[in-house]
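Trainee: Next comes the sequence, and after it the predicted model I'd like to discuss.
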Amino acid sequence: MAVDALDTRILRLLIEQPRTSVREYARILSIARGTLQARIDRLERDGVITATGPVLSPAALGHPVLAFVHLEVTQGHLDEVGEALAEVPEIVEAFSTTGGGDLLARVVARDNGHLEDVIQQLIQLPGVVRTRTEVALRERVPHRLLPLVESVGRATGAGSRK
């Protein structure tokens, strides 16, 4: 789906001012509220906007330790292991991957001892052959999408002027 210059401006506002009303967004952008709502609805329908709501901090919830756990899985058991990972509350994300492992899980924990307990729980899952853990020391680039949105918007805008 193409994201044009107006979509980019809308997404920037949604990212930078998430608690603002649709009416206020329309005023800031100098467009009709109906136009804005139609654009937001299309962005949601097309999967560009996938969620709304607060972004939570695991550290503020008492889980300051962040680790990436690579899991090697017995062939044919990827779906079952993925479903089992979804039952572990300390796993905040998990992805199928290529390379040295089959799954990569982002895991949060209260402390290193708790992280070890979570890893031991993962090792016990049927279909998990081995794990490899990397503990994050410091966040260098926080999760962000605005630079990507702006890049896509620039590319689309440049392409439409030709």
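Mentor: Happy to help now that I have it.
Trainee: and Ala105, that one's in a helix?
Mentor: No - read with DSSP: H, G, I helix; E, B strand; the rest coil, Ala105 is strand and lies in no helix.
Trainee: Leu61 and Ser30, how far apart?
Mentor: 39 Å (C-beta to C-beta, to the nearest Å). C-beta coordinates here come from the backbone N, C-alpha and C atoms, glycine included.
Trainee: and this structure, what are its domains?
Mentor: 1-55, 65-135 (automatic domain parsing).
Trainee: Can you show me the strands along the chain?
Mentor: Along the chain, the stretches classed as strands by DSSP state E are 65-73, 91-96, 103-109, 128-135.
Trainee: Which one of the ones you listed lies nearest to Val141?
Mentor: Smallest distance to Val141 across the strands of the chain (C-beta to C-beta): 13.6 Å, for strand 65-73.
Trainee: for that closest one, which positions count as buried?
Mentor: For strand 65-73, a neighbour-count test (16 or more other C-beta atoms under 10 Å) marks Val65, Leu66, Ala67, Val69, His70, Leu71, Val73 as buried.
Trainee: now, which of the residues you listed sits nearest Asp7?
Mentor: Of all these, Asp7 sits closest to Leu66, with 32.2 Å by C-beta to C-beta.
Trainee: Please name the nearest non-neighbouring residue to the closest one.
Mentor: With sequence-adjacent residues excluded and distances taken as C-beta to C-beta, 6 or more residues apart in numbering, Leu66 is closest to Ala136, at 4.2 Å.
Trainee: surely that neighbour meets Ala59?
Mentor: No - taking contacts as C-beta atoms under 8 Å, Ala136 lies outside contact range of Ala59: 11.1 Å.
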